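Chemist: Here is a sequence together with a model predicted from it:
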Amino acid sequence: MKKSYVIALGLACALTAWVLGGYYYRTAGKEVVEAPAQSDALPLMKVSVRTQEAKPVSKIVVAQGQTEPNRTVTVRAETMGQVAEMLADEGSTVKTGEVLVRLEQNDREARITRAKARVREQESAFEAAQALGKKGYQSQRQLDQIYSSLQTAKAELKEALIEFDQLDIRAPFEGSVLSSPVELGTYVDTNGIIATIVDNDPLVVSVHIPQQKIVNLKIGQPAAVKVATGQERGGTIRYIAARADQGTRTFRVEVEVPNADDAIPAGISAEATIPTGSVMAQFISPAELSLDAAGSLGVKTVDDKGRVEFHKAKIVMSDTNGAWVTGLPATSRIITLGHGYVQVGEQVQVAEERRDDSIVTSPEASAHLATGSRTKPTAAR
C-alpha cells in the first residue's frame, strides 16, 4: 500500500475519534431532554352565552289593503223632467233626505188638481148610488161599477202625488257627493243618473288574509289600522269572506274604522294589524339564528352540562331590532357568539354575558370567541 493512503486513513480515524469524544464529554453525566411530543387533543371551544326567560308576546296578523267607503250609491231619477235647481255640488256633504236636484213641475200640479176633482166626483156618485140602493132603485152591479170608478180616481191621485214628490231627488243617506253628471237645464229621463254619494263614516279597510291565517280571525275582533297619510285608528273586523279568492287563495276581510271627522279619505293604502292571541317567546338577534342539517331554522343553546343543543324556532313577529321566536325552553342559555363553529352535542366552554351585554371571560377566551378558532397547545420550551 502506498504511504499516502495510509496517512489519509489515519487522519480520518483521528478526526472521527475527536468528534465522538467531544459529544461524549458534553453529555457525560447529564440526562438528555427529549422534545415533548406534540399533543393532538383540542381544547373545548369557548362560546358566549346569554341566559334569558321567555316572555308573553302578542301574536299578530299584518295585512296590506286600502280604505273604502262604508256605502256608495248612484242616485237616479224616478221620473223624467228638466233640471230646475242644483242644490248639492260635487264634494259637498249632504244629510239624509236632503234635496240634491229639483226637476221642473210643468203640468204636474194641474194633474193633481184634476185628480182630486175626479175623486170628489166619484165619491159623490158613490154616496148617491148607496142611497138609491137602500131604496131598491139601484142594482148592486151598478153600485160596484161606481165604487170601482172611485177607487180608480183615488189611485190616479196617488200616482200624481208620488210623481210630484219625485221631482225632488233626495239623498238616501248622509254622505258626500262624489260626482254629479247633470247640469242646470239638463233633461233627465226616468232612471237617469243624478249623483253618486259615498258614506265614509265608518270607513272600511279592506285587506286580504292568507288561507293559513284566516282561522285565527273572527268577526268583532279588534284591529289597529295605519293609513298612508300616517294616521292611526282602532277598529273591528265586521266581515270575513266565506270563500277564498280562486286566484290568490286569500280571504277578503273588512275592518270597520270610525271616521266621524272625515279625516281619512277612501281609496288610500292602509295596513291592518290584527292581534290573534299571545304566546311565550324569546327575543333574539337575527345573527343568533342557525340552520340544522335538514335546513330547519333554529337556535343553538347550551344545556346545564355544557353541551350544545339545537331548537327549531318559529318566528312569531320581527322588527329591525330582532325577532320573537317560539320553540325554545322557558329558560334558555342562547349561544350569542361562536354558534357557527360548534356542533350539536359538542362539549363547550361557556362565557356568560353580563346584563350590560359584556362577556365574563379572559382576554385569551375573548380572542377565541372573536375568531371562533381552536389552537393546539405549544410544546414546552
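Modeler: Looks like it came in fine. Numbering: from 1, shown residues only.
Chemist: in this structure, which residue is closest to the centre?
Modeler: Residue closest to the average C-alpha location in the chain (Cα atoms, centre = their mean): Val62, at 1.6 Å.
Chemist: ok, the spatially closest residue to Arg50 that is not a sequence neighbour to Thr51 distance?
Modeler: Using Cβ to Cβ, 6 or more residues apart in numbering and skipping residues adjacent in sequence, the residue nearest Arg50 is Glu353, 4.6 Å away. Bear in mind the C-beta positions are built from the backbone N, C-alpha and C, glycine included. The span separating Glu353 from Thr51 equals 8 Å under the rule Cβ to Cβ, to the nearest Å.
Chemist: So if I had to pick from these two, which one is more boxed in?
Modeler: The neighbour comparison of Glu353 against Thr51 (other Cβ atoms under 10 Å) goes to Glu353, with 18 against 13.
Chemist: right, and the more buried one touches Thr336 too?
Modeler: Yes. Using Cβ atoms under 8 Å, Glu353 is in contact with Thr336, at 6.5 Å.
Chemist: intersection of neighbour lists for those two?
Modeler: Taking Cβ atoms under 8 Å, 6 or more residues apart in numbering as the contact rule, Glu353 and Thr336 both touch Ser48, Val49, Arg50.
Chemist: neighbours of the residue lying closest to the first one once chain neighbours are set aside, just the number please.
Modeler: Taking Cβ to Cβ, 6+ apart, and ignoring the residues beside it in sequence, Ser48 has Leu337 as its nearest neighbour in space, at 3.7 Å. Counted with other Cβ under 10 Å, the burial measure for Leu337 works out to 21 neighbours.
Chemist: ditto for the one 5 residues further on
Modeler: Per other Cβ under 10 Å, the neighbour tally for Val342 reads 21.
Chemist: dump the residue contacts of it.
Modeler: Val342 neighbours (Cβ under 8 Å, 6+ apart): Met45, Val47, Lys300, Val308, Ile335, Val348.
Chemist: Could you give the backbone dihedrals for it?
Modeler: phi -120, psi 150 (degrees, to the nearest 10).
Chemist: For it, give its distance to Val49.
Modeler: Val342 is 11 Å from Val49, where distance means Cβ to Cβ.
Chemist: Next: Val205.
Modeler: Val205 sits 45 Å away from Val49, going by Cβ to Cβ.
Chemist: Neighbour count for those two, which is higher?
Modeler: Taking other Cβ under 10 Å, Val205 and Val49 do not tie; Val205 has more neighbours (29 against 24).
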